[in-house]
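K.L.:
build me a structure from this.
(chains A and B)
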Protein chains: 2
Amino acid sequence: MGGHNDQAYEEGNTDVSLCHLAVCLVSGGMDSCVTAAIAREENEELAFLHVSYGQRTEARERRAFVELADHFGIAKRLAVSIEYLKAVGGSSLTDASIPVAEADLISRKIPSSYVPFRNSHLLAIAASWAEVIGARRIYIGAVAEDSSGYPDCRPEFYEAFQRVIEAGTRPETILDIVTPVIHSRKAEIVRRGLELGAPLELTWSCYQSEDPACGRCDSCALRLRAFGEAGTPDPIAYA
Amino acid sequence: MGGHNDQAYEEGNTDVSLCHLAVCLVSGGMDSCVTAAIAREENEELAFLHVSYGQRTEARERRAFVELADHFGIAKRLAVSIEYLKAVGGSSLTDASIPVAEADLISRKIPSSYVPFRNSHLLAIAASWAEVIGARRIYIGAVAEDSSGYPDCRPEFYEAFQRVIEAGTRPETILDIVTPVIHSRKAEIVRRGLELGAPLELTWSCYQSEDPACGRCDSCALRLRAFGEAGTPDPIAYA
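P.N.:
Numbering: from 1, shown residues only, chains lettered A, B, ... in the order given. Predicted coordinates:
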């Protein structure tokens, strides 16, 4: 955004000027892994940021983050917890009394796994850190259409947050949100990851279980369908 | 914002329709105390939210929050910590190696007490909580001109964040950010607080010390000047 063209990233256009330092949000999932692989092509140095929020599979996701950061050789890394989102509640991912629903990729309802307004917290933390360490970009692997339909994954959310960064940081701070896979289908993300040599075997997507993946929640279903469409086996283990 | 008129709040206009439930951000300082007193006039019920972030005077501010919540008879209250901002650093409020500067109310430079992009974190937490409990408004006691010059206290920051809430929450969520004192001078805030019977004696503003207040940091200087201009003594103790 802010002068960047998402399509350029998706199509692997190499015209994008090399940036010295960028913050990359790395949940440990497939989309953030491929986003990190894209970001590595476009920046001299990456700083990896992981945010856990009291979700069921927190420990497994954090392990994926550490293994991905090691793989990419990242020196600047920050893992923080915003487990107050557990106190806020309202999501099956953070409230043990709300079951994680089985996959429903047909209806366009917002699923019970929606963590209210979660991505605004991720961007706020990324922007604060970026401002302190002097990063010029924030990469986030949000996926809009081919996804669960969370409102904070839509392009207009990121465009609006870009304006908040411009209004709410120091006048000399220049910081762009980059969403390189936001318009991609999940199968394209798998293919892009394979092209870039992204370590998809280190990633974790399941909402329900820590190991092996359940294979039945929304996130597993989206991932398995993506690997199926890409015509390549998913390298992680399923129950 | 979002259909509200800040001036209306400041002038005590009673045309504002009564809202069932509103979240009020309460730091424990004077501005948030008066904002809460204004919010009480305009809403049937308030939910108080306190966010500490590893700042020097965290414990004293949390005590002020609890005493204010007790005073206003608030049942719904949430106190959360985002002390990852201490790990992020970059501010004299969260980094013990950066001294808290003595007051400088003349220069328009952003002071060392600026916590990078802090208010975006406060609004993200408030919006997540509001969405879960069904609140329709978020009150925040930001002050723009007669203040320290933090970028995330300016009206354009709140207008931009209002757009983020509209884009990033459920379609049925209706939630407005209200900044009733943003254009007020600090002395007007003191006077408004006295009119409304706000318990200013329970508030805490000092950046440097836990008790008594230092009287020399930016925050103390702004507060003492405000009470001086309002022609009334500040009820708290100074060193």
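
K.L.:
from here on, just use CA atoms for contacts and neighbour counts.
P.N.:
Will do.

K.L.:
can you give me the offset of stretch A:200-215 from its chain's centre?
P.N.:
Relative to its parent chain, stretch A:200-215 has a centroid offset of 15 Å by CA atoms, centre = their mean, to the nearest Å.

K.L.:
contacts for it next, please.
P.N.:
A:28-30, A:33, A:56-57, A:59-61, A:64-65, A:67-68, A:93, A:100, A:193, A:217-221, A:223-224, A:234-239 (CA atoms under 8 Å, 6 or more residues apart in numbering or on different chains).

K.L.:
ok, 6 Å please
P.N.:
A:28-30, A:57, A:60, A:64, A:219-220, A:235-239 (CA atoms under 6 Å, 6 or more residues apart in numbering or on different chains).

K.L.:
flag every buried residue along that stretch.
P.N.:
For stretch A:200-215, a neighbour-count test (16 or more other CA atoms under 10 Å in any protein chain shown) marks A:200, A:202-210, A:213-215 as buried.

K.L.:
what's around A:Ala230, how many residues?
P.N.:
18 (other CA atoms under 10 Å in any protein chain shown).

K.L.:
shouldn't it be in contact with A:Lys186?
P.N.:
No: using CA atoms under 6 Å, A:Ala230 is not in contact with A:Lys186; the gap is 8.8 Å.

K.L.:
in a strand, A:Phe48, correct?
P.N.:
Yes: assigned with DSSP: H, G, I helix; E, B strand; the rest coil, A:Phe48 falls within a strand.

K.L.:
pLDDT value on it, please?
P.N.:
On pLDDT, A:Phe48 comes in at 98.

K.L.:
could you do A:Glu11 as well?
P.N.:
Model confidence at A:Glu11, expressed as pLDDT, equals 37.

K.L.:
where along chain A do the helices fall?
P.N.:
A:6-10, A:30-42, A:58-72, A:84-88, A:118-133, A:155-168, A:186-196, A:218-230 (DSSP state H).

K.L.:
and those helices: which comes nearest chain B?
P.N.:
Among the helices of chain A, the nearest to chain B by CA to the nearest CA is helix A:155-168 (4.2 Å).

K.L.:
which residue of chain A lies farthest from its centroid?
P.N.:
Centroid-distance maximum for chain A: A:Pro171 at 27.8 Å, with CA atoms, centre = their mean.

K.L.:
can you list the residues of chain A near chain B?
P.N.:
A:88, A:90, A:116-117, A:120-121, A:124, A:128-129, A:132, A:151-152, A:157, A:160-161, A:163-164, A:167-169 (CA under 6 Å from any CA of the partner chain).

K.L.:
of all the helices of chain A, which lies closest to B:Tyr84?
P.N.:
helix A:118-133 (8.5 Å; CA to CA).

K.L.:
tell me the angle of the closest one relative to helix A:155-168?
P.N.:
If you take axes from the mean of the first three to the mean of the last three CA atoms, to 10 degrees, helix A:118-133 sits at 40 degrees to helix A:155-168.

K.L.:
quick check: closest non-adjacent residue to A:Glu67.
P.N.:
In space, and not counting its chain neighbours, A:Glu67 is closest to A:Leu202: 6.7 Å by CA to CA, 6 or more residues apart in numbering or on different chains.

K.L.:
burial of the closest residue to A:Pro151 other than its chain neighbours, as a residue count?
P.N.:
Leaving aside its sequence neighbours, A:Pro151 sits nearest to B:Gly168 (CA to CA, 6+ apart; 4.9 Å). Counted with other CA under 10 Å, the neighbours of B:Gly168 add up to 27.

K.L.:
I'd assumed A:Tyr150 was in contact with B:Gly168.
P.N.:
No: B:Gly168 lies out of contact with A:Tyr150 (CA under 6 Å); the separation is 8.1 Å.

K.L.:
pull up the distance across stretch A:135-150, start to finish.
P.N.:
End-to-end distance for stretch A:135-150, by CA to CA, to the nearest Å: 27 Å.

K.L.:
for the nearest residue to A:His121 once chain neighbours are set aside, the count of nearby residues, please.
P.N.:
Distances taken as CA to CA, 6+ apart put B:Ala124 closest to A:His121, at 5.7 Å, once the chain neighbours are dropped. Using other CA under 10 Å, B:Ala124 has 23 other residues around it.

K.L.:
again, but for A:Ser120
P.N.:
The number of residues packed near A:Ser120 is 26, by other CA under 10 Å.

K.L.:
please name the residues that touch it.
P.N.:
B:Ala124.

K.L.:
could you give the mean pLDDT of stretch A:55-69?
P.N.:
Per-residue pLDDT over stretch A:55-69 has a mean of 94.

K.L.:
now that stretch: how far from the chain's centre is it?
P.N.:
The chain centroid and the centroid of stretch A:55-69 are separated by 12 Å, computed with CA atoms, centre = their mean.

K.L.:
residue ranges with poor pLDDT in chain A?
P.N.:
Scanning chain A with the threshold set as pLDDT under 70 gives A:1-18, A:105-108.

K.L.:
the closest residue in space to A:Tyr158 that isn't next to it in sequence pairs with what?
P.N.:
With sequence-adjacent residues excluded and distances taken as CA to CA, 6+ apart, A:Tyr158 is closest to A:Ile177, at 7.1 Å. With DSSP bridges as the criterion, A:Ile177 is bridged to A:Ile138.

K.L.:
just give me the neighbour total for A:Ile177.
P.N.:
A:Ile177, neighbours per other CA under 10 Å, totals 24.

K.L.:
so it sits right up against A:Ile138, yeah?
P.N.:
Yes: taking CA under 6 Å as the definition, A:Ile177 is a contact partner of A:Ile138 at 4.8 Å.
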